[in-house]
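J.: sequence below, structure please.
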Amino acid sequence: MSNVAVEKLADGEAVSLRDISATQWKSGLAAWLGWFFDGLDLHLYTIVATPFVAQLLAMDFKSDVVRERSSWIQASFLVGWALGGGLFGRVGDRLGRSRALMLTILTYAMFTGLSFFATKWWHLMVFRFLAALGVGGEWAVGASILTETWPTSWRHWLAAVLQSGVNLGVMLAMLAGYVLLTLLQLPDRSVFLVGVLPALLVLWIRSAVPEPSEWKLAMARADHDQPRFIELFQSPLRKITMPALLVCASALTAHWAFMFWFPQQLRNLADVADWSDVEKNRLVIVGITLVMFASIGGNFLASAIASRIGYRVAVSTMCLAYFACMALAYSVPRSHADMYVWLLAIGVCQGVFALFTMYLPPLFPALLRTTGAGFCFNIGRIAAAFGTVFSGRFGEAGDYRVALFYASFLFLLGAASALLLPELPIVRRKTS
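T.: Here you go, the predicted model:
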């Protein structure tokens, strides 16, 4: 090993993968798997949203009532996600990252599974809200674990790898939907049983993943004098919290308007009007899979940009790209074949959300890290929740093209807000 490598290891900085300790690998794997199953849980509902809600309401899936109820269920999920980020953020800062990670996974696994038993539309809304508490908390806890255990110079690429876990989880949800709904032709509700699988991960985390030493040290130094939540809105943290809230709220509102309504828009394109429900389900699964496949490439593209020009400008640049692709995609009516290319382009732009993973947590002190990052990123989902319902009102008989077009303009606000955030030092990984 070179002298550079020895010096870096002396400072606690690993130079290559062989220098990563067993504890770091376990922490990284736990965070990645948590996010992987997050992605699975996120889109099980998206696959069956309108047909399942239509079944619960005993109405045609093109009904305005079905549209409204399905959007309120998605809104409840996003609100729960936001609240879960704050709730489990405090749990992670006070009780430890590993303990909080276990609680978040158990929460979203249990209530996703219970969604199978919904017999009224509001049953499903309650179960999705409670599942979302765990999903929102897992984001903040997982990001903090990696921030505190892996080398700083690896941060950009860790963000891409972690976010790709979400994308692969969504693709697993699509595979599950294809097998259960298309091949086996089981009832729509059957997809929710797949969401119970993450509960098995908790048994391994409990025995294998220790609390990060940085959190232990911070707790020992703080003793009983721990920072309060209100400090996020006081100087000097206020200059971080406020623009972070703004960029997250605007970007997530536009993003979730797209993620929820574009599958419904695919079902109602003019050139697929005569397709069967099974064929339309297949189209939705293909569409979401294309977006997720492209998103994985987008994660690494965004990370490469951030490693060169910094997080702040990279976030702004990716938001501008998302706006351009989404606005152009829905500016005019298109066929389902034409949409494939645009969905790939939009998927690449979703790499912007990989940047928040490793950008937000280090901006906050250790004992406010999961609270601050979780609150700022996830509270934006409350705006996204109401944005999803509001944007759906632009839909007419299942056509959400205009709603998606107007929602894209929120990325302009996100791009401007990102420039108000502070920048982290660019630390490049040295080789041995």
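
J.: next structured bit after the helix or strand bottoming out on mean pLDDT in the chain?
T.: Every helix and strand of the chain was ranked by mean pLDDT, DSSP states H and E. The lowest is helix 3-10, at a mean of 36. Using DSSP states H and E, the next helix or strand after helix 3-10 towards the C-terminus is helix 22-57.

J.: just checking, what packs against that following helix?
T.: On a contact count with 3 or more Cβ pairs under 8 Å, 6 or more residues apart in numbering; DSSP states H and E, helix 22-57 meets helix 64-95, helix 97-114, helix 121-149, helix 155-177, helix 199-208, helix 238-267, helix 277-309. From N, CA and C alone the C-beta is placed, and that goes for glycine too.

J.: can those helices go into JSON lines with extra columns for mean pLDDT?
T.: Formatted as JSON lines, these follow (pLDDT from 0 to 100):
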{"stretch": "helix 64-95", "mean pLDDT": "82"}
{"stretch": "helix 97-114", "mean pLDDT": "89"}
{"stretch": "helix 121-149", "mean pLDDT": "86"}
{"stretch": "helix 155-177", "mean pLDDT": "84"}
{"stretch": "helix 199-208", "mean pLDDT": "80"}
{"stretch": "helix 238-267", "mean pLDDT": "88"}
{"stretch": "helix 277-309", "mean pLDDT": "90"}
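
J.: out of those, which is closest to Leu33?
T.: helix 199-208 (5.5 Å; Cβ to Cβ).

J.: what about that closest one, distance to the chain center?
T.: When distances are taken as Cα atoms, centre = their mean, to the nearest Å, helix 199-208 is centred 22 Å away from the chain's centroid.

J.: same question for stretch 343-354, mean pLDDT?
T.: Mean per-residue pLDDT for stretch 343-354: 95.

J.: which parts of that stretch are buried?
T.: By neighbour count with 16 or more other Cβ atoms under 10 Å, stretch 343-354 contains the buried residues Leu343, Leu344, Ala345, Ile346, Gly347, Val348, Cys349, Gln350, Gly351, Val352, Phe353, Ala354.

J.: isn't the last one up against Trp157?
T.: Think Ala354. No - contact between Ala354 and Trp157 fails when scored by Cβ atoms under 8 Å: they sit 9.8 Å apart.

J.: next, show the common contact partners of those two.
T.: Common neighbours of Ala354 and Trp157, using Cβ atoms under 8 Å, 6 or more residues apart in numbering, are Ser303.

J.: what's the span of stretch 86-103, first residue to last?
T.: Stretch 86-103 stretches 14 Å from its first residue to its last (Cα to Cα, to the nearest Å).

J.: out of the helices and strands packed on helix 22-57, deepest packed?
T.: Of all these, helix 121-149 carries the top mean neighbour count, a mean of 26, counting by mean count of other Cβ atoms under 10 Å.

J.: what's the angle between that one and helix 22-57?
T.: For helix 121-149 against helix 22-57, the angle by axes from the mean of the first three to the mean of the last three Cα atoms, to 10 degrees is 170 degrees.

J.: helices and strands around helix 121-149, which ones?
T.: Helix 121-149 packs on helix 22-57, helix 64-95, helix 97-114, helix 155-177, helix 213-222, helix 352-359, helix 369-392, going by 3+ Cβ pairs under 8 Å, 6+ apart.

J.: out of the buried residues of stretch 343-354, which comes closest to Ile379?
T.: The nearest member of the buried residues of stretch 343-354 to Ile379, counting by Cβ to Cβ, is Phe353 at 15.1 Å.

J.: from memory the closest one sits against Ser164, does it?
T.: No - taking Cβ under 8 Å as the definition, Phe353 is not a contact partner of Ser164, at 11.1 Å.

J.: so can I have a markdown table of the helices and strands packed on helix 22-57 showing distance to Glu214?
T.: Shown next, in a markdown table, are the helices and strands packed on helix 22-57 (distance: least, Cβ to Cβ, whole Å):
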| stretch | distance to Glu214 |
| --- | --- |
| helix 64-95 | 12 |
| helix 97-114 | 10 |
| helix 121-149 | 4 |
| helix 155-177 | 14 |
| helix 199-208 | 18 |
| helix 238-267 | 19 |
| helix 277-309 | 22 |
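
J.: and of these, who's closest to Arg334?
T.: Proximity to Arg334 (Cβ to Cβ) singles out helix 238-267 among these, at 9.9 Å.

J.: and that closest one, how far from the chain's centre?
T.: 10 Å.

J.: now swap in stretch 302-313 and tell me
T.: Its chain's C-alpha centre and that of stretch 302-313 lie 19 Å apart, by Cα atoms, centre = their mean.

J.: just use 12 as the starting number from now, easier for me
T.: Taking 12 as the first residue, the last one we looked at is stretch 313-324.
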